[in-house]
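[1] Please find the sequence and the predicted model below.
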Amino acid sequence: MAECHAQNKAKLISETRRRFEAEYVTDKPDKYDPRDIERLQQDDNWVESYLFWRHNIVDETLKMLDESFQWRKEISVNDLTESSIPRWLLELGGIYLHGYDKEGNKLFWIRVKYHVKDHKTILDKKKLIAFWLERYAKRENGKPVTVMFDLSETGINSIDMDFVRFIINCFKVYYPKYLSKMVIFDMPWIMNAAFKIVKSWLGAEAMSLLKFTSKNEVQDYVSVEYLPPHMGGTDPFRYSYPPLVDDDFQTPLCENGPIASEDEASSKEDIEIEENEKVDSKMKTFKKPLSVFKGPLLHISPAEELYFGSTESGEKKTLIVLTNVTKNIVAFKVRTTAPEKYRVKPSNSSCDPGASVDIVVSPHGGLTVSAQDRFLIMAAEMEQSSGTGPAELTQFWKEVPRNKVMEHRLRCHIVESSKPTTLTLKDSAFNMSEKTSEDIYLQLNRLLESNRKLEDQVQHCIWFQQLLLSLTMLSLAFIISFFYLFLPTPDVQVTSVHP
């Protein structure tokens, strides 16, 4: 049965390719982007997504491909990059990818309150939608997204039906099979009529994908850890740009050392790293950080921040320690928002039950660490019978369900040269005693945390003082007005003098 289904699918894909080439491409070869035509001939999943949305009816699929490919060329989808989008639009934070729903689908946020209807900017906004969807589609081929239409604090001026229709078309025509559901949050009653039109655009089959929610219902689809506070969630995420949002993690490009064309200095650095891997147990004990995130599969140290030395200090490398707390082998991989900048060794491996793995992270070449850089640790349990070689791990990560993957994020922190240097790997520090280094590390952690709390308190005090001063001035003005308006004026008696 399964073999018959696969054969039928292969025939449909082949027929779609053949007919599209003969009936649409041959007469007008300049009508489409050649890169899309080439992809159509090579990517079975892409063709299947169009067939699926048109119920395997080839005639309807060809029309859909024609419309989709024309749009892709018109908007130059294959050439869209971060620099193609106006910076102000990226800084606005109205459209971005962040977090996951309860089924493991990526969340595509559309914060409607940041949108103002303007025909001059509508094309740039459409390009931003296409930029995010194309970026996601290339990395997560075939995995759907959940659209979060956040209508909180939205007025009638923010509703642009042309823009909404474009978003609907993205999932009906341009990116078929990519819509898991569309969660409409906190829709004002005045917009009921507008969304009746949206339902008609979606069509009867896609109607079930619309989910109208308030703060109580939205948690049926997304857990609190990925919901912002105004939706009743606990996600501390705040959009900022640059860089792109912190979900934008990639595999480091330099985990196996510098490429052959790099200069001699980089080659020497590679040799030093290899030598540092052969350190004795005393050095390894010293370099392990103290703060620990205790996850269900791995304990990760440090818990929140990776400490790197400044350029002046010459201290480059830092360490992540993973400890398997399960009874099974745990596969892990490390991703970063700046893959061209860091070497991570190992970045894709496994950890035996009860064992620990040291991961060395170092800036690549002369590149500088940024506090905006982030790292993502991903981990998942493997079956006892599974192999742990490169091929087995690659296949494992392709098949493991998203809801089975543990994730933990780490920020980067740069330690100035004037501060203690015991948080990074440096040969001169290895002569220090283990107790002294750990004490300094712990004290510095406490100092940084205290400093953050103090800054928050100062900001609150300043705000309170400004509020108090405003209230005082307001009260004083009120009292003066009261006395001026309501206090009776004393009568002046005039005494006449008779001669």
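    Ah, there it is.
[2] Next, the contact list for the residue nearest to F52 when sequence neighbours are not counted, please.
    Spatial nearest neighbour of F52, chain neighbours left out: K177 (5.4 Å); criterion: C-beta to C-beta, 6 or more residues apart in numbering. From N, CA and C alone the C-beta is placed, and that goes for glycine too. For K177, the contacting residues are 49, 52-53, 142, 144, by C-beta atoms under 8 Å, 6 or more residues apart in numbering.
[3] Filter the residues you listed down to the buried ones.
    49, 53, 144 (16 or more other C-beta atoms under 10 Å).
[4] Tell me which stretches of the stretch 201-350 of the chain form strands.
    210-213, 293-294, 298-301, 305-309, 318-324, 330-336, 342-345, 348-351 (DSSP state E, counting those that start in this stretch).
[5] Run me through the strand neighbours of the fifth one, direction for each.
    For strand 318-324, sheet partners with direction are given as strand 298-301 (antiparallel), strand 356-363 (antiparallel), following DSSP bridges.
[6] Throw these into a markdown table and include mean pLDDT, thanks.
    Converted to a markdown table, the strands paired with strand 318-324 look like this (pLDDT from 0 to 100):
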| stretch | mean pLDDT |
| --- | --- |
| strand 298-301 | 92 |
| strand 356-363 | 89 |
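[7] Export those strands to TSV and append columns for mean neighbour count and distance to R87.
    Output for those, formatted as TSV (neighbours: other C-beta atoms under 10 Å; distance: least, C-beta to C-beta, whole Å):
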stretch	mean neighbour count	distance to R87
strand 298-301	20	35
strand 356-363	19	26
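[8] Reformat the ones you listed as JSON lines; add distance to R111.
    Converted to JSON lines, those look like this (distance: least, C-beta to C-beta, whole Å):
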{"stretch": "strand 298-301", "distance to R111": "31"}
{"stretch": "strand 356-363", "distance to R111": "34"}
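[9] So, low pLDDT: which residues of the stretch 201-350 of the chain?
    Applying pLDDT under 70 to the stretch 201-350 of the chain picks out residues 201-206, 246-290, 310-315.
[10] Also the stretch 1-150 of the chain?
    Residues of the stretch 1-150 of the chain that meet the cut-off, pLDDT under 70, sit at 1-2, 141.
[11] quick one on the thing from earlier: of the strands of the stretch 201-350 of the chain, which approaches R18 most closely?
    strand 210-213 (36.6 Å; C-beta to C-beta).
[12] and the host helix or strand of L128, how far from the chain's centre?
    Per DSSP states H and E, L128 falls inside helix 122-139. What separates the centre of helix 122-139 from the centre of its chain is 15 Å, taken as C-alpha atoms, centre = their mean, to the nearest Å.
[13] Would you indicate which residues of that helix are buried?
    Within helix 122-139, the residues that count as buried by 16+ other C-beta under 10 Å are 125-137.
[14] Which of these sits closest to E381?
    Out of those, the member with the shortest distance to E381 (by C-beta to C-beta) is Y136, at 26.4 Å.
[15] hang on, that closest one packs against H98?
    No - counting by C-beta atoms under 8 Å, Y136 stays clear of H98, with 11.6 Å between them.
[16] Follow the chain on from the helix holding L128 and name the next helix or strand.
    Heading C-terminal from helix 122-139 (DSSP H and E), you reach strand 145-150.
[17] tell me the mean pLDDT over the next helix or strand after that next one?
    Per DSSP H and E, the first helix or strand lying C-terminal to strand 145-150 is helix 161-169. What helix 161-169 shows for mean pLDDT is 84.
[18] Look up phi and psi at K31.
    phi -70, psi -30 (degrees, to the nearest 10).
[19] Who are the contact partners of it?
    K31 is in contact with 24-25, 69-70, 73, counting by C-beta under 8 Å, 6+ apart.
[20] So how do I select the buried members of those in PyMOL?
    Here the buried members of the contacts of K31 are turned into a PyMOL selection, burial being counted by 16+ other C-beta under 10 Å:
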select buried, resi 24+25+69+73
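[21] Nearest to D59 among the contacts of K31?
    Using C-beta to C-beta, the contacts of K31 come closest to D59 at Y24, 11.9 Å.
[22] Spatially, what comes nearest to that closest one if we skip its sequence neighbours?
    Excluding the flanking residues, the one nearest Y24 by C-beta to C-beta, 6+ apart is D66, at 5.6 Å.
[23] That neighbour: what secondary structure?
    helix (DSSP: H, G, I helix; E, B strand; the rest coil).
[24] Not counting its neighbours along the chain, what's nearest F131?
    The nearest residue in space to F131 (C-beta to C-beta, 6+ apart) is L80, at 4.7 Å.
[25] Confirm for me that the one you found is in contact with W132.
    No - L80 lies out of contact with W132 (C-beta under 8 Å); the separation is 9.5 Å.
[26] is L319 in a bridge, and if so with what?
    Beta-bridge partners, per DSSP bridges, of L319: V360.
[27] ok, now how distant is it from I75?
    From L319 across to I75, the span is 45 Å (C-beta to C-beta, to the nearest Å).
[28] State the phi and psi torsions of L297.
    Main-chain torsions, L297, degrees, to the nearest 10: phi -110, psi -40.
[29] What is the neighbour count of it?
    L297: 22 surrounding residues under other C-beta atoms under 10 Å.
[30] that older thread, CSV for the contacts of K31, including distance to I300?
    Output for those, formatted as CSV (distance: C-beta to C-beta, whole Å):
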residue, distance to I300
Y24, 52
V25, 51
F69, 45
Q70, 48
K73, 46
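[31] Which members of the contacts of K31 are positioned in helices?
    When these are checked against helices (DSSP state H), the matches are 69-70, 73.
[32] L12: which of those residues is nearest?
    For the ones in helices among the contacts of K31, the nearest to L12 is F69 (18.4 Å; C-beta to C-beta).
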